[in-house]
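1. Below: sequence and its predicted model.
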Amino acid sequence: MQRMKLYGMHQAFKAVVEHHKDAELSPDELISQLVDAEHDDRYNRKINRLLKMARFRYKAALEDVSYDHGRNLDRNTLIRLGECLYISNAENILITGSTGVGKSYIACALGIQACYQEHKVMYFNTSRLLSQLKLAKADGSYVRAMRKLQKQDLIILDDFGLQPINQQNSHILLELVEDRYNLSSMIITSQIPVERWYELIEEKTLADAIMDRVVHHSHNIVLKGESMRKKMTKKK
């Protein structure tokens with residue numbers, strides 16, 4: 001079992017033998033128990049691998065999201081998004097609101113939920129990703145980097161629009177968005193309202209193309225209220 005990398009099955013078989021339960025189980029029950037153990041072990045290892053590769057900013061969970069009055073956050077909407085049908089439909093989620101209201105936390109919670117459903121996810125700070133891809137163009141690794149991004153079921157772009165997007169970054173962003181349009185999903189968080197994103201992109205021709213692909217078939221969450229960081233400080 002170990003040589004065949006059936007680690008879950010091996011551990012379950014050891015437990016059965018050590019506790020002398022093998023005599024109590026029928027052959028069907030024993031095989032069923034071993035197969036279930038192997039399935040669970042493979043699932044858990046896969047989820048841990050997906051979570052590690054995603055590099056989330058927060059260890060967030062949808063169950064821990066606050067729905068306090070004034071946040072403008074609907075519980076049913078978030079629960080439905082947690083089912084990840086938007087990924088199957090290649091739709092985007094746009095989360096906006098002032099600093100500290102919990103945009104990044106909700107994005108990470110949705111991303112982690114997607115990992116639990118065995119989707120490939122990667123989290124990025126938008127400015128850092130664009131800088132990395134700009135460097136990749138210079139050292140010849142750009143095509144490989146874009147191909148890796150293209151394989152992800154979901155990409156999270158956090159803190160979009162903190163800096164204006166120049167012409168070179170506009171071309172990179174358009175290519176990233178074009179690769180995912182109608183094929184896979186993005187979650188984008190920003191302090192800037194969606195209707196003002198067009199102004200952030202210097203090259204207006206590219207801005208039209210980017211916005212059309214991003215906003216089309218998207219779910220909008222507009223968070224309001226007091227900074228969650230301030231609330232936590234007050235509680236402490």
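-> Ah, there it is.
2. Now do the SS call for Phe124.
-> strand (DSSP: H, G, I helix; E, B strand; the rest coil).
3. Who is the closest residue to it other than its chain neighbours paired with across the strands?
-> Nearest non-adjacent residue to Phe124, counting by Cβ to Cβ, 6 or more residues apart in numbering: Leu157, 5.9 Å away. To be clear about C-beta, it is placed using only N, CA and C from the backbone, and glycine gets the same treatment. Assessed by DSSP bridges, Leu157 has beta-bridge partners Phe124, Ile188.
4. does Leu157 really touch Leu129, like I thought?
-> Yes. At 6.9 Å, Leu157 and Leu129 qualify as touching, with contact defined as Cβ atoms under 8 Å.
5. ok, these two, which is more surrounded?
-> Leu157 (25 against 21; other Cβ atoms under 10 Å).
6. In contact with the most centrally placed residue in the chain, which residues?
-> For the chain, the residue nearest the mean C-alpha position is Gly111 (2.7 Å; Cα atoms, centre = their mean). Residues near Gly111 by Cβ atoms under 8 Å, 6 or more residues apart in numbering: 54, 56, 121, 123, 154, 156, 187.
7. tell me which of the residues you listed is nearest to Ser88?
-> Leu154 (11.0 Å; Cβ to Cβ).
8. Next, count neighbours for that closest one.
-> With neighbours defined by other Cβ under 10 Å, the count for Leu154 comes to 24.
9. Return the backbone torsion pair for it.
-> Note on Leu154: backbone dihedrals following degrees, to the nearest 10 are phi -150, psi 130.
10. residue contacts, Phe56?
-> Residues in contact with Phe56 (Cβ under 8 Å, 6+ apart) are 108, 111-112, 123.
11. whoops, Asn48 was the one
-> Residues near Asn48 by Cβ under 8 Å, 6+ apart: none.
12. same check, this time on Val35
-> By Cβ under 8 Å, 6+ apart, the residues touching Val35 are Met9.
13. returning to what we had before: what distance do you get for the residue nearest to Phe124 to Arg71?
-> With distances taken as Cβ to Cβ, to the nearest Å, Leu157 is found 22 Å from Arg71.
14. sorry, back to before: sitting in helices, which of the contacts of Phe56 do you find?
-> The members of the contacts of Phe56 that map onto helices under DSSP state H are 108, 111-112.
15. which one of the contacts of Phe56 is nearest His219?
-> For the contacts of Phe56, the nearest to His219 is Gly111 (14.5 Å; Cβ to Cβ).
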